[in-house]
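Undergrad: give me coordinates for this.
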Amino acid sequence: MDVFGLVGNPVSHSLSPPMHEAAYDALDIDARYVTFEPAKDGIADAVRGADALGVTGLNVTIPFKQDVVDVVDADDLAARIGAVNTIDFTGDRPTGHNTDAAGVRRSLVEHGADLDGATAVVVGAGGAGRATAFALSDAGSSVRIANRTASSARDLAESVPNASGHELDAVPDLLADADVLVNATSVGMEEDASPVAASAIHGDLTVLDAVYSPLETRLLRDAEDAGATTVDGAWMLLYQGAAAFERWTGHEAPVDAMNAALRSRL
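TA: Just a heads-up that it's a prediction; the model follows:
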């Protein structure tokens, strides 16, 4: 039996176990997905222990995504983003990957967005913002990054090809001719609020909100009212998980089964 899992602190809220277990059941794979919660300074020991115990793969979540880069052999994308959310133990040494970028890209494409040549606005320059900015840039988009701390947006833009950094107040102007909007902040999770004024959203946008609890955020309601295409955060969670599953197992992910398991718990 293969053992996969999630390492983070905390992890009790995670929806990854039922999503991955549904994939194993759908394809009749003898595997289990479990959670690990090491001390916040214990990620190196946790990775070494998982490797020694024969764990096949791990997802990585807060607060370890950045720290684990120095513990594994990170691939080019994960190194550029500066974060690892998937570890593969099947080689000589644990390798690190970032499937958050794949989750962003596939979520948008599956909802009809053409990213090659698109103009995209990303709100947020933290971990999710970094993955989103690189995903969109690598897909051929021009990326405009806006953040409450403008210097963080500009610093990120310097490392992302075809990107620029801006203050949050610039978002309405940045959106005027944009094709894609991604909220990569936690705004909308704890309160009924949006990082973007409703008046700035137009019907030609595809709007992805990385927040998935609640599924229908203020931003997505405003986008729907404006006639924009809306993409909730559960799609991003689903597709990053599917990319990890495919890397670990070599099987095409049963996304319908994974999606059903995920949404049944939201």
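
Undergrad: need the strands for the stretch 51-200 of the chain, in chain order.
TA: Secondary structure of the stretch 51-200 of the chain by DSSP state E, counting those that start in this stretch: the strands cover 57-60, 73-74, 86-88, 95-97, 119-123, 142-147, 163-167, 180-183.

Undergrad: buried stuff in the lengthiest helix in the chain?
TA: Longest among the helix segments of the chain by residue count, using DSSP state H, is helix 233-249. By neighbour count with 16 or more other CB atoms under 10 Å, helix 233-249 contains the buried residues 233-245, 247-249. Placement of C-beta: from N, CA and C, glycine included.

Undergrad: equivalent analysis for stretch 2-12, please.
TA: Going by neighbour count (16+ other CB under 10 Å), the buried part of stretch 2-12 is D2, V3, F4, G5, L6, V7, G8, N9, V11.

Undergrad: now distance to A223 and pLDDT too, for those, in JSON lines please.
TA: Putting the buried residues of stretch 2-12 into JSON lines (distance: CB to CB, whole Å; pLDDT from 0 to 100) gives the following:
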{"residue": "D2", "distance to A223": "40", "pLDDT": "97"}
{"residue": "V3", "distance to A223": "40", "pLDDT": "98"}
{"residue": "F4", "distance to A223": "35", "pLDDT": "98"}
{"residue": "G5", "distance to A223": "35", "pLDDT": "97"}
{"residue": "L6", "distance to A223": "30", "pLDDT": "98"}
{"residue": "V7", "distance to A223": "34", "pLDDT": "98"}
{"residue": "G8", "distance to A223": "30", "pLDDT": "97"}
{"residue": "N9", "distance to A223": "33", "pLDDT": "96"}
{"residue": "V11", "distance to A223": "31", "pLDDT": "93"}
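
Undergrad: the residue nearest the centre of the chain: what's its closest spatial neighbour, skipping adjacent residues?
TA: The chain has D100 as the residue nearest its centroid, 3.3 Å off, counting by CA atoms, centre = their mean. Distance criterion CB to CB, 6 or more residues apart in numbering; nearest residue to D100, sequence neighbours excluded, is A131 at 3.9 Å.

Undergrad: surely the one you found touches I81?
TA: Yes: the pair A131 and I81 passes the contact test of CB atoms under 8 Å, sitting 5.4 Å apart.

Undergrad: coming back round to it: the buried residues of stretch 2-12: which two are farthest apart?
TA: Taking CB to CB, the two most distant members of these are D2 and N9; they sit 23.8 Å apart.

Undergrad: domain parsing for this protein?
TA: Taking automatic domain parsing as the domain assignment, the record places the domains of the chain at 2-98+235-263, 101-231.

Undergrad: now do the same end-to-end measure for the shortest one.
TA: Between the start and the finish of domain 2-98+235-263 there is a gap of 25 Å, counting by CA to CA, to the nearest Å.

Undergrad: kindly report the same for stretch 240-256.
TA: Stretch 240-256 has an end-to-end distance of 14 Å (CA to CA).

Undergrad: mean confidence for it?
TA: The average pLDDT within stretch 240-256 is 98.

Undergrad: what about that stretch, distance to the chain center?
TA: 15 Å (CA atoms, centre = their mean, to the nearest Å).

Undergrad: same question for stretch 207-215.
TA: Its chain's C-alpha centre lies 11 Å from the corresponding centre of stretch 207-215 when counted by CA atoms, centre = their mean.

Undergrad: flag every buried residue along that stretch.
TA: Buried residues in stretch 207-215, counting neighbours by 16+ other CB under 10 Å, are found at V207, L208, D209, A210, V211, Y212.

Undergrad: now, the residues you listed that are in strands?
TA: Assigned to strands by DSSP state E, the following of those qualify: V207, L208, D209.

Undergrad: so how far is P94 from the nearest residue to the last one once chain neighbours are set aside?
TA: Nearest residue to D209, sequence neighbours excluded (CB to CB, 6+ apart): N183, at 4.6 Å. Here the criterion is CB to CB, to the nearest Å. By it, N183 lies 32 Å from P94.
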